[in-house]
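Student: Fold the stuff below for me.
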Amino acid sequence: MQEKRLEERIAELKKGIDEAKKLRTQAETQREMLLNELENLTEEIRKLGLEPEQIDQEIAALEAEIEELLNEAEKMIPWDLLRENRRG
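Tutor: Numbers count the residues shown, from 1 in each chain. Got it, this is the predicted structure:
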């Protein structure tokens with residue numbers, strides 16, 4: 001009876017080890033994929049003349065520029081005339 005229980009425990013341990021090995025392999029594969037993606041993105045960023053550390057700053061600058069251009073465009077539209085024309 002005791003021998004059967006030991007065999008069951010050993011079998012369960014082997015199963016657990018096999019599952020852990022599979023998970024490790026999956027994690028390593030995913031890690032490699034993510035590292036490759038990071039490398040590709042870093043390369044693309046550098047092709048744009050930036051370093052990855054500059055991305056947040058560049059995005060903020062571009063957003064500010066967009067906001068400024070939108071404000072300029074809004075000032076060019078004769079809103080008063082358009083409102084008057086709508087009233088008829």
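
Student: Let me know the next secondary structure element after the longest helix anywhere in the chain.
Tutor: Counting by DSSP state H, the longest helix found in the chain is helix 2-47. For helix 2-47, the succeeding helix or strand toward the C-terminus, using DSSP states H and E, is helix 55-76.

Student: which stretches of the chain have low pLDDT?
Tutor: 88 (pLDDT under 70).

Student: How is it divided into domains?
Tutor: The chain breaks down into these domains under automatic domain parsing: 1-49, 53-88.

Student: Adding mean neighbour count, write those domains out as JSON lines.
Tutor: All C-beta atoms are positioned from the backbone trio N, CA, C, and that covers glycine. Putting the domains of the chain into JSON lines (neighbours: other Cβ atoms under 10 Å) gives the following:
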{"stretch": "domain 1-49", "mean neighbour count": "10"}
{"stretch": "domain 53-88", "mean neighbour count": "9"}
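
Student: any idea how far Leu69 lies from Lys22?
Tutor: Distance, Leu69 to Lys22, by Cβ to Cβ, to the nearest Å: 53 Å.

Student: try Met33
Tutor: From Met33 to Lys22 the distance is 17 Å (Cβ to Cβ).

Student: Over to Glu51?
Tutor: In terms of Cβ to Cβ, Glu51 sits 38 Å off from Lys22.

Student: same question, Asp56
Tutor: 38 Å.

Student: try Glu28
Tutor: Distance from Glu28 to Lys22, by Cβ to Cβ: 11 Å.

Student: Same question for Glu53.
Tutor: Counting by Cβ to Cβ - Glu53 and Lys22 are separated by 37 Å.

Student: again with Asn36
Tutor: Asn36 is 21 Å from Lys22, by Cβ to Cβ.
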